[in-house]
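Q: One predicted model, sequence on top.
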Amino acid sequence: MKVGILGTGDVGRTLASAFVTLGHDVKMGAREATNDKAATWVKQAGPKASQGTFADAAGFAELVVLATHGVANGAVLKAAGPERLAGKVLIDATNPLDFSKGMPPRLAVGFTDSGGEEVQRAAPQARVVKAFNIVGHVSMFRPEYKGGPPDMLICGNDAEAKKQVTALLHEFGWPEVADLGGIESSRVLEPVCLVWVLYGAATGSWSHALKMLRK
Ligand SMILES: NC(=O)c1ccc[n+]([C@@H]2O[C@H](COP(=O)([O-])OP(=O)(O)OC[C@H]3O[C@@H](n4cnc5c(N)ncnc54)[C@H](OP(=O)(O)O)[C@@H]3O)[C@@H](O)[C@H]2O)c1
């Protein structure tokens with residue numbers, strides 16, 4: 001599969017490397033086609049890796065991952081071009097975090113709207129699936145925990161897209177994937193990120209993940 005990763009940060013590079021490891025061709029997009037972080041990643045990831053602008057990555061891909069600074073998603077999707085995302089699965093791994101008042105961050109949008117819904121509105125024909133936003137980047141691929149594999153929570157409006165992302169998550173090492181409904185469930189999933197952040201801030205440890213217990 002051809003995968004476009006919008007974002008050069010920890011999440012973008014982690015997920016891009018995971019897709020390459022699984023045999024996919026990956027183009028990493030940034031504001032500038034010559035972005036240094038993307039160039040370093042391409043060099044390290046090998047011949048299945050390439051870089052370009054957000055629009056290049058969106059146009060190249062069959063599946064796109066949004067892994068950009070959450071409050072910049074509108075600008076990123078405008079630059080990517082919503083028409084290049086039409087009909088494609090768009091995994092939204094972002095959180096609309098506002099760091100303007102320091103740590104811990106607050107949600108820039110919430111309760112009656114969400115970052116996931118903003119992403120779906122900005123790319124109306126994309127099949128947006130919120131995933132990966134509730135866990136740190138170090139645990140996104142092949143997470144290993146003493147208590148067994150953690151749970152991934154997803155949501156989105158397109159049932160077929162969620163099925164595809166669920167299969168992908170299984171390949172990434174997430175056997176338990178809970179579907180929380182339509183993209184408006186991002187209103188619940190994005191605060192879960194803050195549960196993760198607050199626990200990390202309290203313990204100074206950033207490798208935790210969440211699991212639901214079942215009888
Ligand atoms: N870090 C984690 O462990 C983690 C875990 C779960 C979810 N998340 C979420 O995943 C997303 C990515 O996090 P991250 O830490 O990997 O990276 P980040 O530093 O939040 O974002 C980096 C990306 O955002 C782009 N960007 C920043 N400001 C922009 C602007 N004004 N206009 C257009 N693009 C802009 C950068 O573009 P350039 O490449 O052009 O500079 C870069 O590609 C965030 O929404 C975060 O909340 C993070």
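A: Happy to help now that I have it. Numbers count the residues shown, from 1 in each chain.
Q: which residues touch the longest helix along the chain?
A: Ranked by residue count and defined by DSSP state H, the top helix of the chain is helix 186-203. When contacts are defined by Cβ atoms under 8 Å, 6 or more residues apart in numbering, helix 186-203 is touched by residues 92, 95-97, 103-105, 107, 110-117, 130, 133-136, 153-155, 180, 206, 208-210. For the C-beta atoms, the positions are set from N, CA and C on the backbone; glycine is no exception.
Q: Need phi/psi at whichever residue of the chain sits closest to the ligand.
A: Nearest to the ligand, among the residues of the chain, is Gly9, at 2.3 Å (Cβ to the nearest ligand atom). Phi and psi for Gly9, reported as degrees, to the nearest 10, are phi -80, psi -170.
Q: Likewise for Leu77?
A: Here Leu77 shows phi and psi, under degrees, to the nearest 10, equal to phi -70, psi -30.
Q: ditto for the one 10 residues further on
A: Torsion angles at Gly87 (phi, psi; degrees, to the nearest 10) stand at phi 80, psi -10.
Q: just the strands in the chain please.
A: Ranges of strands within the chain are 2-6, 25-30, 49-53, 63-66, 89-92, 97-98, 106-107, 127-130, 151-156, 176-179, based on DSSP state E.
Q: Of all the ones you listed, which one is nearest Thr166?
A: Using Cβ to Cβ as the measure, strand 176-179 is the one of these that comes nearest Thr166, at 4.6 Å.
Q: Show me what the closest one packs onto, helices and strands only.
A: Counting contacts by 3 or more Cβ pairs under 8 Å, 6 or more residues apart in numbering; DSSP states H and E, strand 176-179 packs against strand 151-156, helix 159-172.
Q: Using neighbour counts, pick out the buried residues of that strand.
A: 177, 179 (16 or more other Cβ atoms under 10 Å).
Q: ok so, going back, for the strands of the chain, could you give me JSON lines that also reports mean pLDDT?
A: Compiled in JSON lines, the strands of the chain are given as follows (pLDDT from 0 to 100):
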{"stretch": "strand 2-6", "mean pLDDT": "99"}
{"stretch": "strand 25-30", "mean pLDDT": "99"}
{"stretch": "strand 49-53", "mean pLDDT": "99"}
{"stretch": "strand 63-66", "mean pLDDT": "99"}
{"stretch": "strand 89-92", "mean pLDDT": "99"}
{"stretch": "strand 97-98", "mean pLDDT": "96"}
{"stretch": "strand 106-107", "mean pLDDT": "96"}
{"stretch": "strand 127-130", "mean pLDDT": "98"}
{"stretch": "strand 151-156", "mean pLDDT": "98"}
{"stretch": "strand 176-179", "mean pLDDT": "98"}
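Q: any idea which residue sits dead centre in the protein?
A: Ala93 (1.9 Å; Cα atoms, centre = their mean).
Q: can you pull the contacts of that residue?
A: 11, 15, 65-67, 131-133.
Q: of the contacts of helix 186-203, buried ones?
A: 92, 95-97, 105, 107, 110, 114-117, 130, 133-136, 153-155, 180, 208-209.
Q: so which of the residues you listed are also by the ligand?
A: 95, 97, 133, 136 (Cβ under 6 Å from any ligand atom).
Q: Quick check: closest non-adjacent residue to the last one.
A: This points to Gly136. The shortest distance from Gly136 to any non-neighbouring residue, by Cβ to Cβ, 6 or more residues apart in numbering, is to Trp206 (5.3 Å).
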